[in-house]
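Undergrad: Only the shape, not the letters, is given here:
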């Protein structure tokens, strides 16, 4: 599903707008690229260019990358103002940033890629623009009954198909088996509940339709790349990063 996921991301209007806004704000041109299969996610080196993966189901499917940014110095000092050299051979020279500026760009890209990953995960289970009516009805029925012990046979009956015919058509048109779609819907429901810090993860598992805690933990990590606990911690980190960024822009 890697190629399909990348194609979906590349067509999102929010991606085009973000790339344009990032360039307008920083002067750096970034691009969205498909990720290599089996690529390793490593912490950037001190001299690294900006390169942030977009994860779906814990696997990198795309990369936001810029080869036109270089770190001017390790210390937190702005690079000296100097006349920009002329492009050589049609290529622009790297944009020189201080270490703190480069780290700020890295944080910005990470927050955006997290939002993109969330959006892509929801898109897998949402009704598509070209979904046939029977599939729309099936997805709506699954959404309404995902927290219950809904079965493939019940959904097939709802759209007036035999179970065997429904299984084949759903897999071909929705591009995933019924069981995977149901699991993804439950994971998305559990994500919404995890955002409430006062709800226990064990309660969330059953409220989202999972039949056991081990099943919840396994399926959640399979489709997000994080355990439920890690996901909740990532929400707190994103919230604290946004708050600190806001307070730094508006000091008391």
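TA: Sure thing, it's come through. Computed from a prediction, not measured in an experiment: that's the story for all the values here.

Undergrad: those helices in the stretch 51-200 of the chain, which residues are they?
TA: Applying DSSP state H, counting those that start in this stretch to the stretch 51-200 of the chain gives helices spanning 99-125, 133-145, 152-158, 163-174, 178-194.

Undergrad: Could you single out the most deeply buried of those?
TA: When these are scored by mean count of other C-beta atoms under 10 Å, the highest mean neighbour count falls to helix 178-194 (a mean of 20). Placement of C-beta: from N, CA and C, glycine included.

Undergrad: so who does the residue nearest to residue 52 when sequence neighbours are not counted touch?
TA: Excluding the flanking residues, the one nearest residue 52 by C-beta to C-beta, 6 or more residues apart in numbering is residue 109, at 4.3 Å. For residue 109, the contact set (C-beta atoms under 8 Å, 6 or more residues apart in numbering) comprises 22, 30, 50, 52, 64.

Undergrad: in those residues, which two residues are the furthest apart from each other?
TA: Largest separation among those by C-beta to C-beta: 22 and 52, giving 11.3 Å.

Undergrad: These two - which one has more neighbours?
TA: It is residue 52, of residue 22 and residue 52, that has more neighbours when counted by other C-beta atoms under 10 Å, with 23 against 20.

Undergrad: which residues touch that one?
TA: So residue 52 contacts 63-65, 106, 109-110, 113 (C-beta under 8 Å, 6+ apart).

Undergrad: If it is in a bridge, with which residues?
TA: residue 64 (DSSP bridges).

Undergrad: Give me the pLDDT value at it.
TA: As predicted, residue 52 sits at a pLDDT of 80.

Undergrad: confidence score at the spatially most central residue of the chain?
TA: The C-alpha lying nearest the average C-alpha coordinate of the chain belongs to residue 117 (C-alpha atoms, centre = their mean; 0.7 Å). We have a pLDDT of 74 for residue 117.

Undergrad: now residue 162
TA: At residue 162, the model reports a pLDDT of 97.

Undergrad: what about it, how many neighbours?
TA: Residue 162: 11 surrounding residues under other C-beta under 10 Å.

Undergrad: Just want the phi and psi numbers for it.
TA: phi -70, psi 160 (degrees, to the nearest 10).

Undergrad: Who are the contact partners of it?
TA: residue 156.

Undergrad: Tell me how far it lies from residue 152.
TA: 11 Å (C-beta to C-beta, to the nearest Å).

Undergrad: that older thread, got the helices of the stretch 51-200 of the chain as TSV, with distance to residue 229 columns?
TA: Shown next, in TSV, are these (distance: least, C-beta to C-beta, whole Å):
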stretch	distance to residue 229
helix 99-125	17
helix 133-145	26
helix 152-158	31
helix 163-174	30
helix 178-194	9
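
Undergrad: any weak-confidence spans in the chain?
TA: 1-2, 4, 37-49, 57-58, 67-97, 123-124, 237-252 (pLDDT under 70).

Undergrad: Could you list the domains of it?
TA: Recorded structural domains for the chain (assignment: automatic domain parsing) are 2-82+95-125, 133-238.

Undergrad: Quick check: closest non-adjacent residue to residue 63.
TA: Nearest to residue 63 is residue 33, by C-beta to C-beta, 6+ apart, at 4.9 Å.

Undergrad: hmm, back to that, spatially nearest residue to the residue nearest to the centre of the chain, not counting backbone neighbours?
TA: Excluding its sequence neighbours, the residue lying closest to residue 117 (C-beta to C-beta, 6+ apart) is residue 55, at 5.3 Å.
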